[in-house]
Structures are given as C-alpha cells and as structure tokens.
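> Below: sequence and its predicted model.
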Amino acid sequence: MTGNIIDNLRYTWKSPPKFGEDFFYLNTDYGKIRVFDTKGNLPVIINVPDGPNVIEHQFHLIKSLSKDYRVICFEYPGLGFSFPNNKYDYSFESGANLLNQVMKILKLKKVSLLFSCSNGYYAIQAAMKNPDKFNHIFLSQTPSTGGLLKWTEKSIPSLIKTPFIGQLTNAIYAKKFAGIWYKYALPKESLHQLNFTEIAQTSIHKGGCFCLSSLVQGLKKDSNTLLKLNEVPTTLVWGSSDFTHRKTDKTSIKSHINNCEIIEFKDCGHFPELERTNDYVKLIKERIM
C-alpha cells in the first residue's frame, strides 16, 4: 500500500500557475503536465528532470541542445508544477503511458529520450512497448531496478518510505530534503550546489511539488518487474563522484539492456547532463543527427 492519496488530496484543488513563453500544460489521464518546448522541425529529444530538479534546472542543457534539436522537457506528476491525480501511481506502466500520451498529443512520431535515475525505467518500459518510436535512449545514473532498490534502502530515510507517514513528513520538510539532497548528490567542491538548491527550493516555495515519498513507494512495487530492451540503442552516462551511488554497480543496467553503452564521467555527481553539459551534448550529437 502507498500513501500517495495524501499527495493527491493536497493538490486536487490547486491550480498550477502560468509561466512564460514556451511553457504550457498538457491535459493527460494523469493530470495537467507542465511542458517546455523549443518547437521547430528539428529531430526531437524529450528530456525530463530528476526530482527535486525541475524544468528550470534544465535550461542550459535545453539551450545547448536546441541548436540541433527540438527539445521538449516535461515534469512527471509529483514534481514541480505537474500536480499528481488519483490515477498516477508512479509505476513503470504509468510513467511509460504518460510518455506515450505526451508524444501522441504533440503528434511526435519518433524521438530520442534523455532520462535519468528512476525516470529511466519509464523510458525503458515505453521503448519495450513501442521500440519503433525511439531513435536512442540516453540515461544518467540509472542502475538495474535491484540496484536502485538497494540505493533506496541506504539513501532514503525510513520515515519517507512509510506509507502515509512518509507523505506527511515529505509535505512538511520538502524544501529541507531538497537542500540536503544536493549536498550528497554533487561532488563536495561542486559550483552547482548553491544554484541547484535555490532553484529547487524556489519551486517548492512557489507551490511546486516534490512527492519523493510517493515516488519511492511506487517504484518499490515495481522492483521485480521484468525490463528487457535490446531494440533501441541506449547509452548510460554515469557520474562516478555521486556519493549516494558510491556503492552502486553501474554495469547492472545490462541486466535490462544487454547492449547498453556505458560512459563514465569521473568528476560528476548525480547529474552528468547538467554538470558537464557541453560534453554530454557532444556525446549526443555523435550518436544522433
């Protein structure tokens, strides 16, 4: 049992605010989803932030990619200003279905994906169901589901993993959790820590969500789900200075994607696409045009 009903009730009557140019909301089966779209006729890359990151964290990455690609960035329910409804349970199936809905609504025939950490399982599940819709999948800090479960056991406080109590605790301390997260997820000397923390806490202060407890509880239910993908080229970029994943086996992803290419960024933490954006973009351009 998960306690995500508490998050659903918290956001049921809340109206998401309006943002500037290139932002809009999509009505989906899982609620209104906040989207940023550079538009145009270039090859499409869909990117999603890894909470507590929100779309604003991705701006430099989006700008760098937009010279050669149409970049669509959206927040999954329970993050930023995509408020969750009672149909979204954070499962692989829900995450994959939402991705397919976004593609259908925006009339996207074939895309590449740039997903990270647990969002990577949504990408894999979606590609398993419709491999012909995807050119390439780029992952960051996504181990096997078993590897993530072990990571969760060590890195997430027990209270957060407890249904209902976790959601209530999360609601009270969301900004504090966001601040603590970057201290451990980034290298100690990282110049990004202050900026990343400020963006995340500003989002929460303005009414954005960071439903970590519901996400963790929802993913745990899927920890034994069979994920096998070989039809879509996949690249995992691993930041080896991520303290939270210091004991995680990056090669474990091969239990899901046997032919997955693995590249290590030794001086990066949990967000290699944001910490070494230029190198990451170069890597992408070498693989898709």
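Received the coordinates, thanks.

> going forward, measure contacts between C-alpha atoms and count neighbours the same way
OK.

> List the buried residues for stretch 237-252?
By neighbour count with 16 or more other C-alpha atoms under 10 Å, stretch 237-252 contains the buried residues 237-245, 248, 250-252.

> Pick the one among these closest to residue 65.
Set against residue 65, the nearest of the buried residues of stretch 237-252 by C-alpha to C-alpha is residue 237 (16.6 Å).

> partners of the helix or strand hosting the closest one in the sheet?
Using DSSP states H and E, residue 237 maps to strand 234-239. Paired neighbours of strand 234-239 in the sheet (DSSP bridges): strand 134-140 (parallel), strand 261-265 (parallel).

> Distance from it to the middle of the chain?
With C-alpha atoms, centre = their mean, to the nearest Å as the basis, strand 234-239 stands 14 Å off its chain's centre.

> coming back round to it: how about the strands paired with strand 234-239 in a markdown table, adding distance to residue 85?
Below are those laid out as a markdown table (distance: least, C-alpha to C-alpha, whole Å):
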| stretch | distance to residue 85 |
| --- | --- |
| strand 134-140 | 27 |
| strand 261-265 | 36 |
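
> related to what we said a few turns ago, just the CA atoms of the strand holding residue 237, as CSV, please.
In CSV, the C-alpha atoms belonging to strand 234-239 read as follows (Å, rounded to 0.1, in the frame of the first residue of the first chain):
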residue,chain,number,x,y,z
THR,A,234,20.9,3.0,-25.4
THR,A,235,23.7,5.0,-23.7
LEU,A,236,24.2,5.3,-19.9
VAL,A,237,26.3,8.2,-18.7
TRP,A,238,27.5,7.6,-15.1
GLY,A,239,28.7,10.3,-12.7
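
> Residues in contact with that strand: which ones?
Here strand 234-239 makes contact (C-alpha atoms under 8 Å, 6 or more residues apart in numbering) with 136-142, 250, 257, 259-272.

> Now which of those would you call buried?
136-142, 250, 257, 259-262, 265, 268-272.

> For the chain, give me the ranges with low pLDDT.
Along the chain, the model assigns pLDDT under 70 to residues 1-2.

> can you confirm residue 190 is in a strand?
No. Secondary structure assignment (DSSP: H, G, I helix; E, B strand; the rest coil) places residue 190 in coil, not in a strand.

> With respect to residue 26, which of the strands paired with strand 234-239 lies nearest?
Of these, nearest to residue 26 by C-alpha to C-alpha is strand 134-140, at 21.1 Å.

> so residue 224 touches residue 145, yeah?
Yes. Assessed by C-alpha atoms under 8 Å, residue 224 is found in contact with residue 145 at 7.3 Å.

> which one of the two has more residues nearby?
Applying other C-alpha atoms under 10 Å to residue 224 and residue 145 shows that residue 145 carries more neighbours, namely 23 against 11.

> Name the nearest residue to the more buried one, ignoring sequence neighbours.
Once flanking residues are discounted, residue 145 sits nearest to residue 223: 5.4 Å by C-alpha to C-alpha, 6 or more residues apart in numbering.
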